[in-house]
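[1] Fold the following and give me the result.
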Amino acid sequence: MTGTGYSTVDTEFAGPCAAGVWDALLDGLTHFRVDQQVADALAAADPNLVWCAREHRHFLRRALAYLRAQGIRQFVDLGCGLSTRGNVAEMLDWHGRADVRLVCVDIDPVVAMHVRLHHRDDPQITAIQADLRRPAQLLSNPTLLEAIDFGEPVAVLLVAVLQHLTDAEDPTALITRLRDAVVAGSHLVISYPGIQPDRTPSWPRRSRRTQPPGRRETRLTLNGCSPGGHRSSRA
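    Okay, the predicted model is just below:
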């Protein structure tokens, strides 16, 4: 992984992963050659996929602008992916983040290490390797608890992440658990692509060190996840 976007890597990291493929779809510079190859295959099968990835990034930009306008100072970016162009930290810079704390979370240890190194000189940003499917472990992570005060409003970001979960992993229950962990005035930011599984090749594994998910989901039930109903938008 180099400034040109590609690197020769050893066989341990030779397989594609979701974070690298997403970076490639966004025309980023922090992915491996194998990620680019998978991204090209996905985009060839579904020409809307690149547009979809970029629209999620535009949605994230609008959401962060809104959250900062609401005075939110704490952010937890779940499934943060690689520190590609237009990442959360960069977008927060546009709105001033002198008082902001950001914890980036990814299931892939390589991704978490990369984000930590990328922001190693910034004490307001840290990254941890954790599994969204194990919310109790995630929410009790010492690094997370040191950086984030859950007695104050928090923005929890789940942007283009939930499509990697299966029905058996019950994404609605995970969202409910996250909602219950934050105080009034907090925000859950959710987006997910409405990609039909039969239109594209299989999405890559969530991590270079985990097995691929059984299948991608295109439906997500949010009813009951927020008091007084909910608002949702599908990319």
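[2] ends of stretch 142-153, how far apart?
    End-to-end distance for stretch 142-153, by CA to CA, to the nearest Å: 19 Å.
[3] how about that stretch: buried residues?
    144, 147, 148, 153 (16 or more other CB atoms under 10 Å). For every residue, glycine as well, the C-beta is placed using N, CA and C.
[4] quick one: average confidence on that stretch?
    Average pLDDT, stretch 142-153: 97.
[5] Can you check which helix is longest in the chain?
    helix 48-69 (DSSP state H).
[6] quick one: buried residues of it?
    Residues of helix 48-69 classed as buried by neighbour count (16+ other CB under 10 Å): 49-50, 52-53, 56-57, 59-61, 63-64, 67-68.
[7] What of stretch 173-190?
    In stretch 173-190, counting by 16+ other CB under 10 Å, buried: 174, 175, 176, 178, 181, 182, 186, 187, 188, 189, 190.
[8] What are the contacting residues of it?
    Stretch 173-190 has contacts (CB atoms under 8 Å, 6 or more residues apart in numbering) with 60, 63, 67, 70, 72, 132-133, 135, 139, 150-159, 162, 165, 222, 224-226, 232.
[9] same thing but 7 Å
    Residues from elsewhere that reach stretch 173-190 (CB atoms under 7 Å, 6 or more residues apart in numbering): 63, 67, 72, 132-133, 135, 139, 150-159, 162, 225-226.
[10] one step back: from the buried residues of stretch 173-190, which land in strands?
    Here DSSP state E is the test, and those give 187, 188, 189, 190 as lying in strands.
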